[in-house]
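Novice: generate coordinates for the sequence data below:
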Amino acid sequence: MNLVVAKRALGLVSIGLGILAVAAPRQVSKHLGLQADEAAVSAFGAREIAAGSGLLSPVKPGPWFWMRVGGDVMDLAAVGKALGRDNPKRHIAGLVALTVAAIAVVDTMLAVQSVLDKRENARAAT
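Specialist: Below is the predicted model of the structure:
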């Protein structure tokens with residue numbers, strides 16, 4: 001996958017999700033069946049905005065892809081708490097967990113690619 005295209009697409013998606021989480025943390029948490037407080041959802045949103053901004057900036061994307069990988073791990077931990085039998089929306093939380101896991105695989109592949117492909121990484125910075 002072309003790092004320039006990936007960093008722009010993921011940057012825009014990250015900023016969009018981040019704004020949504022910061023602007024409406026209660027609704028995001030409720031809709032996804034999460035048992036997270038508003039401050040945590042807002043903090044996750046701020047992290048998404050930071051990662052997206054980094055990916056859209058004219059710097060090498062590697063560290064920002066790794067930031068997304070770390071964020072994916074945090075997201076999976078938060079969603080994992082919502083998978084208990086006491087959560088009436090655990091099926092939604094399960095779908096969210098599968099989606100985040102798939103995104104984590106893509107983010108990890110892009111992060112590794114950004115480290116291994118120095119020429120592409122340098123070009124992505126421009």
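
Novice: can you map out the helices along this protein?
Specialist: Ranges of helices within the chain are 3-23, 25-31, 38-56, 62-80, 90-116, 118-124, based on DSSP state H.

Novice: adding mean pLDDT and mean neighbour count, write those out as JSON lines.
Specialist: The C-beta positions use only the backbone N, C-alpha and C, and glycine is treated the same way. Converted to JSON lines, the helices of the chain look like this (pLDDT from 0 to 100; neighbours: other CB atoms under 10 Å):
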{"stretch": "helix 3-23", "mean pLDDT": "91", "mean neighbour count": "17"}
{"stretch": "helix 25-31", "mean pLDDT": "88", "mean neighbour count": "16"}
{"stretch": "helix 38-56", "mean pLDDT": "92", "mean neighbour count": "19"}
{"stretch": "helix 62-80", "mean pLDDT": "91", "mean neighbour count": "19"}
{"stretch": "helix 90-116", "mean pLDDT": "91", "mean neighbour count": "16"}
{"stretch": "helix 118-124", "mean pLDDT": "56", "mean neighbour count": "14"}
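
Novice: quick check: most distant residue from the centroid of this protein.
Specialist: Distance from the C-alpha centroid of the chain peaks at Asp86, with 26.2 Å (CA atoms, centre = their mean).

Novice: ramachandran angles for that residue?
Specialist: Main-chain torsions, Asp86, degrees, to the nearest 10: phi -80, psi -10.

Novice: what sits against Arg90?
Specialist: Shown in contact with Arg90 (CB atoms under 8 Å, 6 or more residues apart in numbering): 33, 82-84.

Novice: got a ChimeraX select line for the buried ones in the residues you listed?
Specialist: Command for ChimeraX that selects the buried part of the contacts of Arg90, burial taken from 16 or more other CB atoms under 10 Å:
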select :33,82
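
Novice: which of the contacts of Arg90 fall in strands?
Specialist: Among the contacts of Arg90, no member is found in strands (DSSP state E).

Novice: pull the most distant pair out of the contacts of Arg90.
Specialist: By the measure CB to CB, Gly33 and Gly84 form the most distant pair in those, at 10.5 Å.
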